Structure formats: C-alpha cells, structure tokens
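1. What follows is a predicted protein model with its sequence.
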Amino acid sequence: MPRSDQSQTAILGALSIAPMTGYALREAIRDTLGHFWSESFGQIYPALAELERNGLIERREVASGGAGKFGITAAGTARLRELLAEPPQASKPRNGLLLRLFFGAQLGPGACRELVLEAREQAEGALTQMADARRQLAGDSALAEAAPYIGLTIAAGEHSARATIAWADETLAELSRLEFSAARSASGLPLP
C-alpha cells in the first residue's frame, strides 16, 4: 500500500468515527493514533483535497460560521473498507536511539545512559497517556461500537511502552557494567 493510501486510510478512518475540521483531524490523529501513526499538516490537507475531489469525503457547513467539517461519504466508507482489507505496508524502522547506541563506543557509557534514561521516561509518559486514553474511551458513548477495536491499539501501545521500560532497565544495568569496567581499566586496576 503506497504511503498516500495509508494517509487516506488514517484520514477516512478518523472521519468514519466523526466529522471534523482539518485541524481537528490532525489533532485527533496526533492524540488518538499518535502512539502508532502520524500525519503532518503537509500530508493531511493535500489528502483531504484529493479525497474531496474523488467524492470520498464532503464538506459539511458549521452553523457558527467556523471552519467546515469534513464528513465521509458512502463512497468513502466503501474505499476505507477496501484500503483496510489490503495487507499493511511494512515500514523500515528508523530508531535514532538505537542508531546512537549501536555507535555508542563513540559516545561512551555515560552519554548512552542519558539517552536510555530519556527513552525510559518517554515510555513511562506513554503509559500514562494510554491510561488516559482508556479512561476517555470508556467515558465516550459515541465510540461504543469502535471502543473494542480502539482498545486493541491502546493495548499495543501499553505493551510497547512496558517492553521499552524493561529493555531500558536491562540496558542501564549493562551500561553500569561498562562504566565500571572502563573506570577500572583507566585506573590500572585489574578487572574482576
């Protein structure tokens, strides 16, 4: 599935839950799908224009004179189902932390420790966000039909965050051993 189709899947999927403005759509994707999917404004607005040209979404007027909301059409729902039935596109990983740790001999164990501590802290923050998302989901009756499926993605985020925390703890212990060995070696003391 090409990147543009994946963007369309995210946008049509979000609009299948509720009509929203382009800005609200970006916020919803960031806040709701953010632990596993991201779209920039630069991707969302051209995709919205294309989806509208193709009759997959339509603008709906807002009584207050604010920005019009986009809503999914019947054709958009059919296209969303087609896109969801396609196999997901495998993405090549790009993990800046692991890249830095791979070349960690250039940084040293202390700098690597700081990087890992930051990753652990971010994972703890993600767990807090997942707990908030679960509470919001449980309290939103408009999402009753979608809630079990949304819950599956929240669970994936929780598992990923817990795995990162466990990995970080193991990595911090190994970095402590490396620091100890480096200190003993620099002092001329024999290694145990």
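-> Arrived safely. Numbering: from 1, shown residues only.

2. how close does residue 23 get to residue 136?
-> 19 Å (C-beta to C-beta, to the nearest Å). For every residue, glycine as well, the C-beta is placed using N, CA and C.

3. which intervals of this structure have sub-threshold pLDDT?
-> For the chain, the stretches with pLDDT under 70 are 1-4, 62-66, 188-192.

4. ranges for the strands of this structure?
-> Using DSSP state E, the strands of the chain run over residues 57-60, 69-72.

5. Residue 67 - how many residues pack around it?
-> 13 (other C-beta atoms under 10 Å).

6. Contacts only, for it.
-> 21-23 (C-beta atoms under 8 Å, 6 or more residues apart in numbering).

7. Please check those and keep the buried ones.
-> 21-22 (16 or more other C-beta atoms under 10 Å).

8. what's in contact with stretch 113-129?
-> 35, 97, 100-101, 107, 157-158, 160-162, 164-165, 168-169, 171-172, 175-176, 179.

9. which of the residues you listed are buried?
-> Here, 16+ other C-beta under 10 Å leaves 35, 97, 101, 157-158, 160-161, 164-165, 168, 171, 175 buried among the contacts of stretch 113-129.

10. longest helix in the protein, by residue count?
-> Looking across the chain with DSSP state H, the single longest helix is helix 147-187.

11. Can you name every helix or strand that that helix contacts?
-> helix 109-139 (3 or more C-beta pairs under 8 Å, 6 or more residues apart in numbering; DSSP states H and E).

12. How far off centre is the helix it packs on?
-> 12 Å (C-alpha atoms, centre = their mean, to the nearest Å).

13. mind listing what's buried in that helix?
-> 109, 112-113, 115-116, 119-120, 123, 126-127, 129-130, 133-134, 137.

14. With respect to residue 41, which of the strands of the chain lies nearest?
-> Shortest distance between residue 41 and those, using C-beta to C-beta, is found for strand 69-72: 14.3 Å.

15. which residues touch the closest one?
-> Residues outside strand 69-72 that contact it (C-beta under 8 Å, 6+ apart) are 12, 15-16, 19-22, 24-25, 48, 51-52, 56-60, 62, 80.
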